[in-house]
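Trainee: Sequence and predicted structure below; questions after.
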Amino acid sequence: MELFIGNQNYSSWSLRAWLIFSQYNLDVKVTKLKLFTEDFYTTLEDITPTAKVPTLVHDGVTVWDSLAILEFVNEQHLQGRAWPRKAFERAKARAIAAEMHSGFFDLRNELPMNIRARRSVELTEGALRDIKRIDAIWSEQAKLYPGEWLFGDWSIADAMYAPVALRFQTYGVELSEGASAYQQKVLTSDSLQQWLREASLEKDIVEEDEVGEAV
Ligand SMILES: N[C@@H](CCC(=O)N[C@@H](CS)C(=O)NCC(=O)O)C(=O)O
């Protein structure tokens, strides 16, 4: 399997897909491309129809979307373990993951992932609403599974929200107690620590993701 990712400091969708390999110690060749460069587009043009990362190539199959990659790896290599076992929980986990994949546009636009930065940003009502909703999801699950992942064991839902834990750290977003405990669990996990170490070696700047005032 080969996974194409972008700059680890900035590429939130890449992080989501990469996490499943790291969490389950799965063998994968990771190829990192610098976002928005000529090399990025020429490398991807013959591989994916969208020229975006993450993209997974495996046995002649190309999967070019983070959630599709997570699902594919879960089916092919984990016998479905990366979703909760109980059907009702699985449905909820999928809804929560889909909410991230298809929504929270204000949060995503106004607080781009930028791991190395510490910034403050004036937020719109839409972004504040997104934050409130994510806080509610994390707090509700923290009540059900104190100190654990969103559904007890790590699941694809956790992969979808990992970049948000980083965004909240970058922009100093305050969270309620349960949500904050979950954020810390994500940030201190071995997988995320590995990603942070690798991201810290990068020097490239993606101007459009450099927002806010330094604090
Ligand atoms: N819905 C896609 C989004 C992928 C995406 O937008 N990736 C960004 C990097 S985080 C990208 O490749 N941008 C390059 C470009 O838009 O040219 C997914 O879930 O994988």
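Mentor: Here it is on my side, so go on. Numbering: from 1, shown residues only.

Trainee: Please count neighbours and contacts with C-alpha atoms only from this point.
Mentor: Fine.

Trainee: Specify the helix with the largest residue count in this structure.
Mentor: helix 125-144 (DSSP state H).

Trainee: buried ones in that one?
Mentor: Neighbour counts over helix 125-144 (16 or more other C-alpha atoms under 10 Å) mark A127, D130, I131, I134, D135, A136, W138, S139, Q141, A142 as buried.

Trainee: can you redo these as TSV with pLDDT?
Mentor: Formatted as TSV, the buried residues of helix 125-144 follow (pLDDT from 0 to 100):
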residue	pLDDT
A127	98
D130	98
I131	98
I134	98
D135	98
A136	98
W138	98
S139	98
Q141	98
A142	98
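
Trainee: For these, work out which two are farthest apart.
Mentor: A127 and A142 (22.2 Å; C-alpha to C-alpha).

Trainee: if we can go back for a sec, anything in the helix or strand following the longest helix of the chain near the ligand?
Mentor: Note on helix 125-144: by DSSP states H and E, the next helix or strand toward the C-terminus is helix 156-170. No. Helix 156-170 stays clear of the ligand (C-alpha under 6 Å from any ligand atom), getting no nearer than 9.3 Å.

Trainee: average model confidence for helix 156-170?
Mentor: Mean pLDDT, helix 156-170: 98.

Trainee: Stretch 180-195 too?
Mentor: 98.

Trainee: would you put the C-alpha positions of that stretch in CSV?
Mentor: Extracted as CSV, the C-alpha positions of stretch 180-195 are listed here (Å, rounded to 0.1, in the frame of the first residue of the first chain):
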residue,chain,number,x,y,z
SER,A,180,-11.0,19.3,26.8
ALA,A,181,-10.1,15.9,28.3
TYR,A,182,-10.8,14.2,25.0
GLN,A,183,-8.7,16.8,23.2
GLN,A,184,-5.8,16.0,25.5
LYS,A,185,-6.2,12.3,24.9
VAL,A,186,-5.9,12.9,21.2
LEU,A,187,-3.0,15.3,21.5
THR,A,188,-1.0,13.0,23.7
SER,A,189,-1.6,9.8,21.8
ASP,A,190,1.4,8.0,20.4
SER,A,191,0.1,8.3,16.8
LEU,A,192,-0.4,12.0,17.0
GLN,A,193,2.9,12.5,18.8
GLN,A,194,4.6,10.8,15.9
TRP,A,195,2.8,13.0,13.3
